[in-house]
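**Student:** 3D model of this:
(chains A and B)
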Amino acid sequence: MKVKYTDHRPIFIPYLESRTGGVVLPNETNIIEVTTSEFSSLQKMRNGTKKCFEKIKPVPVKVPETSEE
Amino acid sequence: MAVGSGIAQLGYQSAIAIAKETAFGTFVTATSFIEFNSESFKFSREEIKLEAINSTRDFKKRLIGKETVEGALEGPLNVASDGIVNIIKQAMGGSVASTALSTTAFKHVLSVGNMEDNASTGTDDMKSLSVVVRKGATNTWDAAGMRVNTLTIKGEVGGAVTFNAEMVGQSMSITSTCPAITLSDVLPVNFTGISIKTGISLTTSLTAECFTGFEFTINNNLDADQRCLGSRSIAILPPIRREVMVKLSQRFDTLTSYTRALDNTVTAIQIILNTDTAIADATTYSMSIDLPSVYFNSNMPEVGDIGVLNVELEGTCMYNSATSNVLEMSIYNATTDYL
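**Tutor:** Numbers count the residues shown, from 1 in each chain, chains lettered A, B, ... in the order given. Purely as a prediction, here's the structure:
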């Protein structure tokens, strides 16, 4: 799943299954692909009461209407 | 494959994370990871070899005795790391008052306390710390009920400022998972960011002095052997007498420090540790250690060669009635609070 880093503090994640070489947030990117277990631990990271990572909801794909002829 | 002949676990794969416990000894999944140089967390059990006369020369019966959890953690001092700030907060034992300097920069004033009653309004006390200890790539232990027995922060010319926390805990268990590691990307405090000021009191203007090194220590004197029948673990881990000490290294040029000791005059000392890395609005990741009443003990140089004479100033920090504390710390970083 894709998650967004919403905090301003610069962090380095040394290993993710999708980025084995690590990733710097938010300077390099603020959207990363994570596994379910990675997300569950990243969700525990907070700045005060605010969670630092949030799941990006998939945008629903619009099905084009077909004309009845 | 024989045990011990497989692919070895390596030190660089190891990780340490910290979390606040609101109930002493109740483990909380720790996700505030720390970059560190060395750790020595270990769980140990005493053995009781029964001395009973058993018709042989040998011991025949062995019981398991008291369990101990302890370890030291040493690494570069990074004031942007929540794990390190929580270690310092636990060592101080008191509350943290946070104020916003801007939307992204915050000041946290850490007070001394008894490690029990330190909650801010609407929050729970920080009773102790949970520590996740991964030794190598896969094997992780969860340590609960950890408190800082001694905390040392030191710096010298030519190196990063380091912290060393010697901790004692209640329990440790092996776990199958280690949370995803996230580390602060902010640089730690370098020796170039250290400035030390002295004066009559912290409220009067302090004057910068030239030092070549400092070592600041809080010793909480934890009573780590308070147990109950029915359990091998410690029951409580109370801090007893707090000793705060500071050691300063300086080139010997005048008799000022000698006179301070001889006259038994009190010196207020402020140690400022600045990363020079901006957060926002000209605020930098930094901290200050305010010591309102320091008395110097040893202060005379020793001559061992023909070179520059240096003096090691050993100071004892005493309770100050005007500030109602023995020390206070202020930390500036981008974390909202440490409630």
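
**Student:** B:Glu74 is in what secondary structure piece?
**Tutor:** Element membership for B:Glu74 (DSSP states H and E) is strand B:62-76.

**Student:** Is that strand positioned near chain A?
**Tutor:** No - judged by Cβ under 8 Å from any Cβ of the partner chain, strand B:62-76 and chain A are separated, with a smallest distance of 14.2 Å. Just so you know, the C-beta spots here come from the backbone N, C-alpha and C atoms, and that holds for glycine as well.

**Student:** Okay, buried residues for that strand please.
**Tutor:** Going by neighbour count (16 or more other Cβ atoms under 10 Å in any protein chain shown), the buried part of strand B:62-76 is B:Glu67, B:Thr68, B:Val69, B:Glu70, B:Gly71, B:Leu73, B:Gly75, B:Pro76.

**Student:** May I have the strands that pair with it, each with its orientation?
**Tutor:** Using DSSP bridges, strand B:62-76 pairs in its sheet with strand B:38-39 (antiparallel), strand B:42-49 (antiparallel), strand B:162-169 (antiparallel).

**Student:** Outside of the second one itself, list whatever touches it.
**Tutor:** Right, strand B:42-49. Identification of contacts with strand B:42-49 by Cβ atoms under 8 Å, 6 or more residues apart in numbering or on different chains yields B:59, B:61-71, B:141, B:143, B:172, B:232.

**Student:** Repeat the analysis, applying 7 Å as the threshold.
**Tutor:** B:Phe59, B:Arg62, B:Leu63, B:Ile64, B:Gly65, B:Lys66, B:Glu67, B:Thr68, B:Val69, B:Glu70, B:Gly71, B:Met172 (Cβ atoms under 7 Å, 6 or more residues apart in numbering or on different chains).

**Student:** so which pair among the residues you listed is furthest apart in space?
**Tutor:** With distances taken as Cβ to Cβ, the most widely separated pair in those is B:Phe59 and B:Gly71, at 29.8 Å.

**Student:** just the helices in the chain please.
**Tutor:** With no chain named, the answer covers chain A. With DSSP state H as the criterion, chain A has helices at A:36-42.

**Student:** my bad, chain B
**Tutor:** Under DSSP H, chain B gives helices at B:82-92, B:256-263.

**Student:** Now mean neighbour count, mean pLDDT and distance to B:Ala105 too, for the ones you listed, in CSV please.
**Tutor:** Shown next, in CSV, are the helices of chain B (neighbours: other Cβ atoms under 10 Å in any protein chain shown; pLDDT from 0 to 100; distance: least, Cβ to Cβ, whole Å):
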stretch, mean neighbour count, mean pLDDT, distance to B:Ala105
helix B:82-92, 25, 97, 15
helix B:256-263, 15, 86, 36
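
**Student:** Go ahead and measure how far the strand holding B:Glu74 is from the middle of the chain.
**Tutor:** Distance of strand B:62-76 from its chain centroid, counting by Cα atoms, centre = their mean, to the nearest Å, is 17 Å.

**Student:** swap in stretch B:321-339?
**Tutor:** 15 Å.
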